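Asker: Below: sequence and its predicted model.
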Amino acid sequence: MERTDLRAATRAAVRPVTPRQRVARAARNGGEPTLEFAGRVPYDSYVQASTLHRLQAPLSDDPGEMSFLVVSQIMELYFGLTCHELRETQRLLRADRVWDALAPLRRAALHLEGLNAAWKGLRWMTPADFNRFRNLLGEGSGFQSAMYRQLEFLLGLRDETLLRPFHRQTEVYADLRATLAAPSVWDDVVALLARHGHDLPADLLERDVVAEHEPHPAVEAAWVCVYADAAPENHLRLLGEALTEVAEQFGDWRHHHLKAVQRTMGAKVGSGGSAGLAWLQRSMARVVFPELWSARTAM
């Protein structure tokens, strides 16, 4: 079902009410909650809870696998939610609504904080615990998460070769290709800095956004200039801090991922065919919003 159709069906099932109707219902109920409904309860119609709880299909009888599966699904939801906030940030930045863009950016940072907390649900897992069902996962690996790739692409971590696993999933592939072909959040921020009078070269502003952004001294200098103005009306400085929080929380997620792999697998070969731990260590060297960090040395 298309999202617009689902929205219409959900709205019909939930049956929106006015504040006056809520007050009247509370009076009829004597302050107690409503217990009788004509059909499906409105909460389930809105949250789709019964659907969510049918989406777990463990491959083994090991009780710990359910924890692994549910935490993985929670992380997928957080990936999608963070992507949603970053796209809203981009929409506002492109309209030069810097102050308004702070809200979705701050929400994105909080969602990433929740994503990081999800790792705590797997801290019980030892190599022996994971090995009881790991082989049943076959070549399945978090490396293959399309929504995580969307998140990386939006944050400016770009590698066209990472589209290849999805080329037979036409809709997923098309969505990823579209995100890769469009500016990242950082590309939009750099363009914003230029529109606000910072001297950035044309070749940087007109570069092929499919390629990963290379740190540039002019962008670093722009941030040094932005942070030199501590006035409360300097929204670019507030933007810099909100972006920093997003980058830091995302970096924490990658670190937690690395530690979880060390705890449960050591340096074994990854399920998806990579070198596992060594591959993750190399990937962490790629920095999100690089000049925002390097500029701090010159501040």
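Answerer: Arrived safely. For clarity, every value in this text was computed on a predicted model and none was experimentally measured. Numbers count the residues shown, from 1 in each chain.

Asker: ok, now how distant is Gln281 from Phe289?
Answerer: 21 Å (CB to CB, to the nearest Å). Where C-beta positions appear, they are placed from N, C-alpha and C, glycine not excepted.

Asker: out of those two, which sits in the more crowded spot?
Answerer: Phe289 (24 against 14; other CB atoms under 10 Å).

Asker: Help me confirm that that one comes into contact with Ser184.
Answerer: No - using CB atoms under 8 Å, Phe289 is not in contact with Ser184, being 9.7 Å away.

Asker: where along the protein do the strands fall?
Answerer: Ranges of strands within the chain: none, based on DSSP state E.

Asker: Count the residues that sit near Leu86.
Answerer: Neighbour tally, Leu86, other CB under 10 Å: 24.

Asker: Revised request: answer the last question for Leu162.
Answerer: 18.

Asker: From Arg177, how far out is Gln170?
Answerer: Check again: residue 170 is Thr, not Gln. 10 Å.

Asker: cool, Leu157 as well?
Answerer: 16 Å.

Asker: repeat for Tyr43
Answerer: With distances taken as CB to CB, Tyr43 is found 37 Å from Arg177.

Asker: joint contacts of Phe289 and Ser184?
Answerer: 155-156 (CB atoms under 8 Å, 6 or more residues apart in numbering).

Asker: Thr170 and Arg177: which is more packed in?
Answerer: Neighbour tally, Thr170 and Arg177, criterion other CB under 10 Å: the higher count belongs to Arg177, 16 against 9.

Asker: With adjacent residues omitted, what lies nearest to that one?
Answerer: Leu163 (6.4 Å; CB to CB, 6 or more residues apart in numbering).

Asker: pretty sure that neighbour is touching Ala174, no?
Answerer: No - counting by CB under 8 Å, Ala174 is not a contact partner of Leu163; they are 10.2 Å apart.

Asker: neighbour-wise, which of the two wins?
Answerer: Counting neighbours by other CB under 10 Å for Leu163 and for Ala174 shows that Leu163 has the greater number, 17 against 11.

Asker: Return the residues in contact with that one.
Answerer: Contact analysis of Leu163 by CB under 8 Å, 6+ apart lists 149, 173, 176-177, 180.

Asker: Can you show me the helices along the stretch 1-150 of the chain?
Answerer: 3-14, 19-28, 42-47, 49-52, 63-94, 98-118, 127-131, 146-155 (DSSP state H, counting those that start in this stretch).

Asker: Most tightly packed of these?
Answerer: Comparing the helices of the stretch 1-150 of the chain by mean neighbour count (mean count of other CB atoms under 10 Å), helix 146-155 comes out on top with a mean of 23.

Asker: starting at the chain centroid, how far to that one?
Answerer: 7 Å (CA atoms, centre = their mean, to the nearest Å).

Asker: which outside residues touch it?
Answerer: Contacts to helix 146-155, defined as CB under 8 Å, 6+ apart, come from residues 76, 79-80, 82-83, 86-87, 90, 142, 158, 162-163, 166, 169, 172, 175-176, 179-180, 184-186, 246-247, 250, 288-289.

Asker: then the helix or strand of the chain with the lowest mean pLDDT to PDB, C-alphas only?
Answerer: Least confident helix or strand of the chain, by mean pLDDT, DSSP states H and E, is helix 277-283 with a mean of 73. Output of helix 277-283 as PDB, limited to C-alpha atoms (Å, rounded to 0.1, in the frame of the first residue of the first chain):
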ATOM      1  CA  LEU A 277      36.300  -6.000  12.500                       C
ATOM      2  CA  ALA A 278      39.100  -4.700  10.200                       C
ATOM      3  CA  TRP A 279      36.600  -3.500   7.700                       C
ATOM      4  CA  LEU A 280      34.700  -1.600  10.400                       C
ATOM      5  CA  GLN A 281      37.900   0.000  11.700                       C
ATOM      6  CA  ARG A 282      38.700   1.300   8.200                       C
ATOM      7  CA  SER A 283      35.200   2.700   7.600                       C
END
